[in-house]
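Q: predicted model and sequence below, questions to follow.
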Amino acid sequence: MTTINAPAELPALQLLIDAMQDAVAIVAPDGTILAVNKTWRQFSVDNGGDQSSHYIGTNYFGACEGPNGASDDLAGSIAQGLRDVLNTGTDFITEYPCHTPTEKRWFEVVANPFDIDGERYALVAHRNITTRKLAQVEVAYAEQNAQNLAAIVTTMPDAVIAFDLDGQITSWNPAAETLYGYTREEAIGQSMEMLYPPDWPKRITTYIAEIIVSELKNFDVIRKTKWDELRTIAVTAAPIRSRDGDIIGISNVHRDVTVEREAEQKLRSVLDNLFAFVGILDPDGTLLEANKAPLQAAGLEAKDVIGKKFWECYWWTYNDEVAHQLQSDIARVLKGETVRYDTQVQVANGRLVWIDFQMAPMRDATGNIVNVVPSGIDISDRKAAVEKLEQSHETFKNLVDRSPFGVYTVDADFRLAHVSQGASAAFANVNPLIGHDFSDVMHTLWPDEFAEEAIARFRHTLATGEPYHAEPLVEQRLDVGEVESYDWMIERIVMPDGRLGVVCNFYDLSEREKYEQHIRLLMSEVNHRSKNLLAVVLSMARQTARNSTPSEFVELFSQRLLGLSTSQNLIVEGSWSGVSVTNLAEMQLKHLGPEILGQRIKMDGPDITVSPTAAEGIGMALHELSTNALKYGALSVPEGGVDLVWSIDQNKDAFKIQWREHDGPEVVPPTRTGFGRTVIERMAANSVDGSVDIKYATSGLVWQLKAPLEDVEQARDS
């Protein structure tokens, strides 16, 4: 670094330059920087410059000419300008950019010469002119924008009109001349109301007020041309502001939409007269349009739904799942799908109706999806009809399936097509059932001779339509080896697929035959038992009369007849299929009254059903035992009781029932043999081919019947 002798006046100059706002340096004749002011030093610190000397002692020319960047030419011109100041004493001034990565800046450099002791020095000042420069740029932009705007307004296809706050036209572009027929000279200075039809309800002052309040207005109006033609105009209006922000006028863009609005009105008329729902959705699901049908059905106005998300509209708010489904479906449509299904919508008074609902994409000229179109047709009547048909079909199916008659069909391919529940038992060994070849089915169930005959009958009816009613069939089946009987008939029908088939209705006579055999058996049993019963009654009457006075006879005979009747009732109620020992005992002891039966008689034994013959004998014995106990035995005193116990031995081949009295009066063996003794000793034993053991113990009478189980228990059906 070259050492320059600083002039003696330098300290005074330092004080002077420190008071200056610009960044200032004093440069020696050889270009060396001798002093800088505070602003220069602070700029150096803020922008990453020399932090120690702040460039004092650095040669200014070298600093300008040293960089090899984009600003070399500018730096060189500044260096040359400074040389001219030091060499010739002329002033130098220029501007240069000094941008940072985050800020655009401009500076002005001014170099002025001054002499000290015959030596010429330079005072170099750098001034930040960014604010001025930006203002100049903005002015240039504004001028260019104004020129551009004027060109745009002039060339716009839409009429651009401006008017002041009194409504007088101040601007009128060529498109306005074309639209309305008035030249610019004819329009400027005239009121906007020159374009109004004679009966137009609003004045220009009303429009101005509305535009000022809303800041921007879009609306349709009817306007009149120079040739008295009425046109539908779409207006876009905005206030015009001064530099101070005051509203000084209104700008309008007028577009002739007469043809479009007529077309829209025709489309709207068509849509509003459709009984179907039609709407338009924004891609985000917002409802933009809806015709009258869904609005009227739900008791709504357009303002109630337009602008809402489609799934938030009244039609769908009855069910959150339906609303979520709509959102999912709209997303599918935006991917190009069309969705369609039956669903319910909510209409007036919360009523739900079924619609055939569809959503499809709407595409622009380039094929991009721009909207979603939902539509729906009321299918409530159809749905109700289908439900009624399904109910009718289900009712008919249930009638057929639950009918005692069997019904099955054979289709045009000669395969089983339908088999009712009533017919399924007849085909139990056919697997698979539906779709099985009918010829194979017949050969599986019946001998070849009958199978071939039946197959031929079915094929004849299928081919000719001639029905056939067979004689009752009695035949042994191949699959189960049993003889079965059927009454059957066939006729041709039209199947659901539209082709011909055969339906067979049959009735299984096998069960009826078994039933009739059972009735004959029962009648024979009744005849046999009636004879036995009459013999028992006759014997009971004779034995009772032999040892009774006439008055005693009536009472004793009536009681014994009642006991016999009780057993018979149980036998008949059980359809001659046996009587439970528990029921038999409870019914025969019922005449003792609920207090004795419930508290003083204890019964215990397994659940066993005895035959009608055993029920008669055991029942009569229990009646006689209980009557004697009530008159003379344990039940004749308050403290006495009876234990009635029955059992089956471990080998399960013997039955035993025991009547044991206790806590009664002392027992005395009878001195004579009457009907009651005959019943408990012999009749009960004879009815089951068993034996009776009687003990007249002082503690109480003990009666026990033991017999082979096979003679007591009702035979089970195999």
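A: Cool, got the structure.
Q: what about the helices in the stretch 251-400 of the chain?
A: All helices of the stretch 251-400 of the chain, identified by DSSP state H, counting those that start in this stretch, fall at 258-272, 292-298, 320-333, 380-401.
Q: flag the shaky bits of the stretch 251-400 of the chain, pLDDT-wise.
A: For the stretch 251-400 of the chain, the stretches flagged by pLDDT under 70 are 263-264, 266-275, 389-400.
Q: try it again at 90.
A: Counting by pLDDT under 90, the low-confidence segments of the stretch 251-400 of the chain come to 257-280, 289-298, 302, 353, 355-356, 364-365, 375-400.
Q: average pLDDT across stretch 485-505?
A: Confidence over stretch 485-505, taken as the mean pLDDT, stands at 89.
Q: would you put the C-alpha positions of that stretch in PDB?
A: Extracted C-alpha coordinates of stretch 485-505, given in PDB (Å, rounded to 0.1, in the frame of the first residue of the first chain):
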ATOM      1  CA  SER A 485     -98.300 -93.900  -2.600                       C
ATOM      2  CA  TYR A 486     -98.800 -90.700  -4.600                       C
ATOM      3  CA  ASP A 487    -101.500 -88.800  -6.400                       C
ATOM      4  CA  TRP A 488     -99.800 -86.600  -9.200                       C
ATOM      5  CA  MET A 489    -100.500 -84.500 -12.200                       C
ATOM      6  CA  ILE A 490     -98.400 -82.400 -14.600                       C
ATOM      7  CA  GLU A 491     -99.000 -79.500 -17.000                       C
ATOM      8  CA  ARG A 492     -96.900 -77.300 -19.200                       C
ATOM      9  CA  ILE A 493     -96.000 -73.700 -18.000                       C
ATOM     10  CA  VAL A 494     -93.800 -70.800 -19.100                       C
ATOM     11  CA  MET A 495     -90.600 -70.600 -17.000                       C
ATOM     12  CA  PRO A 496     -89.100 -67.300 -15.800                       C
ATOM     13  CA  ASP A 497     -86.500 -67.500 -18.600                       C
ATOM     14  CA  GLY A 498     -89.400 -67.400 -21.100                       C
ATOM     15  CA  ARG A 499     -89.000 -71.000 -22.200                       C
ATOM     16  CA  LEU A 500     -91.400 -73.800 -21.600                       C
ATOM     17  CA  GLY A 501     -91.300 -76.200 -18.700                       C
ATOM     18  CA  VAL A 502     -93.400 -78.700 -16.800                       C
ATOM     19  CA  VAL A 503     -94.900 -78.300 -13.300                       C
ATOM     20  CA  CYS A 504     -95.800 -81.400 -11.300                       C
ATOM     21  CA  ASN A 505     -98.200 -81.200  -8.400                       C
END
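Q: break the protein down into its domains, please.
A: Residue ranges of the domains in the chain are recorded as 10-133, 156-260, 274-383, 402-513, 547-712, according to automatic domain parsing.
Q: chain center to the last one, what's the gap?
A: The one in question is domain 547-712. Taking CA atoms, centre = their mean, to the nearest Å, the mean C-alpha location of domain 547-712 is offset from the chain mean by 69 Å.
Q: show me the residue at the heart of this structure, geometrically.
A: Most central residue of the chain, judged by C-alpha distance to the mean C-alpha position with CA atoms, centre = their mean, is Glu321 at 4.4 Å.
Q: what separates it from Arg477, distance-wise?
A: When CB to CB, to the nearest Å is the yardstick, Glu321 and Arg477 sit 54 Å from each other. To be clear about C-beta, it is placed using only N, CA and C from the backbone, and glycine gets the same treatment.
Q: and if you look at Asp22?
A: For Asp22, the distance to Arg477 (CB to CB) stands at 125 Å.
Q: then Leu416?
A: Note on Leu416: its distance to Arg477, by CB to CB, is 17 Å.
Q: looking at these two, which is more packed in?
A: Neighbours per residue (other CB atoms under 10 Å) separate Leu416 from Arg477, with Leu416 holding more: 21 against 17.
Q: quick one: residues contacting that one.
A: Remark: with contacts taken as CB atoms under 8 Å, 6 or more residues apart in numbering, Leu416 is in contact with Tyr408, Thr409, Val410, Phe427, Val430, Leu433, Ile434, Gly435, His436, Phe438, Val441.
Q: give me the pLDDT for the closest residue to it other than its chain neighbours.
A: Spatial nearest neighbour of Leu416, excluding adjacent residues (CB to CB, 6 or more residues apart in numbering): His436 at 5.1 Å. Model confidence at His436, given as pLDDT, is 92.
Q: tell me, how many residues neighbour His436?
A: For His436, the tally of surrounding residues (other CB under 10 Å) stands at 16.
Q: end to end, how far does stretch 654-668 reach?
A: Here the two ends of stretch 654-668 are set 31 Å apart, with distance taken as CA to CA, to the nearest Å.
Q: buried sites along that stretch?
A: Buried positions in stretch 654-668, judged by neighbour count with 16 or more other CB atoms under 10 Å: Ala654, Phe655, Lys656, Ile657, Gln658, Trp659, Arg660, Glu661, His662, Gly664, Val667.
Q: just send these back as CSV, with distance to Arg132 too.
A: Formatted as CSV, the buried residues of stretch 654-668 follow (distance: CB to CB, whole Å):
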residue, distance to Arg132
Ala654, 133
Phe655, 131
Lys656, 133
Ile657, 132
Gln658, 134
Trp659, 135
Arg660, 134
Glu661, 137
His662, 134
Gly664, 139
Val667, 145
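Q: list the contacts of Thr170.
A: Listed by CB under 8 Å, 6+ apart, the contact partners of Thr170 are Ala162, Phe163, Asp164, Ile188, Gly249.
Q: which of those residues tops the neighbour count?
A: Within these, neighbour counts (other CB under 10 Å) peak at Phe163, which reaches 24 neighbours.
Q: before we move on, what SS does that one have?
A: Using DSSP: H, G, I helix; E, B strand; the rest coil, the structure places Phe163 in strand.
Q: repeat that for Asn431.
A: Secondary structure state of Asn431, per three-state DSSP, is coil.
Q: that one and Val407: what is the separation?
A: 20 Å.
Q: so for the two, which sits in the more crowded spot?
A: Set side by side, Asn431 and Val407 give different neighbour counts by other CB under 10 Å, the larger being at Val407 (18 against 8).
Q: surely the more buried one meets Ala417?
A: No: using CB atoms under 8 Å, Val407 makes no contact with Ala417, being 11.3 Å away.
Q: tell me where the stretch 51-200 of the chain has strands.
A: Along the stretch 51-200 of the chain, counting by DSSP state E, counting those that start in this stretch, strands occupy 92-97, 106-116, 119-128, 159-164, 169-172.
Q: show me where the stretch 501-650 of the chain dips below the pLDDT cut-off.
A: Within the stretch 501-650 of the chain, the ranges that satisfy pLDDT under 90 run 504-599, 607-632, 649-650.
Q: so who does the closest residue to Ala654 other than its chain neighbours touch?
A: With sequence-adjacent residues excluded and distances taken as CB to CB, 6+ apart, Ala654 is closest to Leu709, at 5.8 Å. Taking CB under 8 Å, 6+ apart as the definition of contact, the neighbours of Leu709 are Ile648, Lys652, Asp653, Ala654, Phe655.
Q: need the worst-confidence member of these.
A: For pLDDT, the smallest value among the contacts of Leu709 belongs to Lys652: 78.
Q: before we move on, what SS does that one have?
A: Each residue gets one of three states, and Lys652 gets coil by three-state DSSP.
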